[in-house]
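*Asks:* Please find the sequence and the predicted model below.
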Amino acid sequence: MFRFDPYSPLVDADPFPLYKTLRDEYPCFWSEQAQTWTLSRYADILAAGLDWKTYSSAKGNLMTELPNRAGATLGTTDPPRHDRLRGLIQHAFMKRNLEGLSDAIRDIARDLAQSLRGRPRFDLIADFSSKFTVRVLIAALGLPPGDEDSVREKAVLMVQSDPQTRAKGPQHIAAYAWMQDYASKVIAERRAHPQNDLISLLSTACIDGDRLDEREVLLTTTTLIMAGVESLGGFMAMFGLNLAEFEAARRAVVADPALIGDAIEESLRFNTSAQRFRRCLQKDVTLHGQNMHAGDFVCLAYGSGNRDERQFPDADRYDVGRKPRHHLGFGGGVHACLGTAVARLSTRIAFEELHKAVPDYRRTGGPMHWMPSSTFRSPLRLEVAA
Ligand code: HEM
């Protein structure tokens, strides 16, 4: 009998054959182990993402939720509260002009890429993408520069779960508490001395007299740290993995850097780090002959929708020329990612600089080790030979 448990560590290594069976035979699947439905077809996932009245985020959107987050953050509220938060946060994002940030991003990327020049082997994650994302985050949010290592360590722990049970353990909860305490201190300091950084802009964002309250600024800041470190860092690791494994694609991108944007979109489709998010049903729904009930949890398997042959012909092929503009790598519907512009820009600049310093690299053998998480999928290490 077919089994699919989105919380099982077995799913991390290679979810794609399981996703295919789900799409073809069980497009609306109830997992007894996980007590969760899974939607795996592109059209069903997108429809659910748009229909927030039925598929609510207010009970949390991570497959394993952190304490006191559901119902309080952008990703874990429904309209109209969500629209209000999104408007205010977008306002702050727009003021933190990306053009102004791109020079700082390039300096960070160049510095790290140059440190890899001439090295026969390195870990593309530990030595490059992970350091890069934290430094970019520190520059964008305006966190104190010396805090890099502790912010990275705690942010990574926050998104992980117990490798076996996939529940949050005391170390994950403690990391989240540390991050909230840390962020509160930085916010208090920025309120007193505002600067041109996202935390100051979030604290002062105002639309028609409406502002984010103290708790909203705090939870938004911790969400952005989590998104920056894990979503962006995890995706850069996946992009690096694709280029390290698909030699023809890497050669094409190195020879013609203008292709890098297309290669990024194809990686967001082919194996996004943001694999599965969760919703809670507000009413009974019958889909593909299955009766789902109000109160049931539903997993939206973005990683599966992106491999749906009904939407993307020859979906299991990594094709830099595909230009898949409507993939689900950033989700879809009302909660679609707010950080798309900064994520695309940062990844592009990072790999442009990496390729100038290290144009040729390939993955060295050995099994992959994946981050213990039921929401995100990214390797813990990526050893490459240059
Ligand atoms: C390539 C990197 C990234 C990927 C793959 C990614 C992916 C996603 C996905 C799939 C969602 C939807 C979650 C859901 O359906 O519940 C999301 C939401 C979100 N992302 Fe990203 N993300 C990335 C980078 C970032 C960055 C760098 C930031 C901010 C600095 C960010 C901020 C957010 C926020 C605030 C939301 C919630 C939006 C809402 O609920 O309205 N993301 N992201």
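*Replies:* All right, it came through fine. Numbers count the residues shown, from 1 in each chain.
*Asks:* Check which residues of stretch 17-28 are buried.
*Replies:* 18-20, 22-23, 26-28 (16 or more other C-beta atoms under 10 Å). Just so you know, the C-beta spots here come from the backbone N, C-alpha and C atoms, and that holds for glycine as well.
*Asks:* I should have written stretch 152-172 there, sorry.
*Replies:* Those would be 152, 154-161, 166, 168, 172, for stretch 152-172 by 16+ other C-beta under 10 Å.
*Asks:* And those, which two are furthest apart?
*Replies:* The two members of those with the most space between them (C-beta to C-beta) are Arg152 and Arg166, at 22.3 Å.
*Asks:* you'd agree Gly261 is up against Leu345?
*Replies:* No - between Gly261 and Leu345 there is no contact under C-beta atoms under 8 Å: 10.0 Å.
*Asks:* Comparing the two, which shows the higher neighbour count?
*Replies:* Leu345 (18 against 15; other C-beta atoms under 10 Å).
*Asks:* Need the phi and psi values for whichever residue of the stretch 251-386 of the chain sits closest to the ligand.
*Replies:* Among the residues of the stretch 251-386 of the chain, Gly339 lies closest to the ligand, at 2.1 Å counting by C-beta to the nearest ligand atom. Gly339 adopts backbone torsions of phi -100, psi 20, taken as degrees, to the nearest 10.
*Asks:* Contact partners for it?
*Replies:* With contact set as C-beta atoms under 8 Å, 6 or more residues apart in numbering, Gly339 has these partners: 224, 227-228, 231-232.
*Asks:* near the ligand too, which of these?
*Replies:* Counting by C-beta under 6 Å from any ligand atom, 224, 227-228, 231-232 from those sit close to the ligand.
*Asks:* Let me have those in JSON lines, extended by pLDDT and secondary structure.
*Replies:* Converted to JSON lines, the ones next to the ligand among the contacts of Gly339 look like this (pLDDT from 0 to 100; DSSP: H, G, I helix; E, B strand; the rest coil):
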{"residue": "Leu224", "pLDDT": "91", "secondary structure": "helix"}
{"residue": "Ala227", "pLDDT": "87", "secondary structure": "helix"}
{"residue": "Gly228", "pLDDT": "86", "secondary structure": "helix"}
{"residue": "Ser231", "pLDDT": "91", "secondary structure": "helix"}
{"residue": "Leu232", "pLDDT": "95", "secondary structure": "helix"}
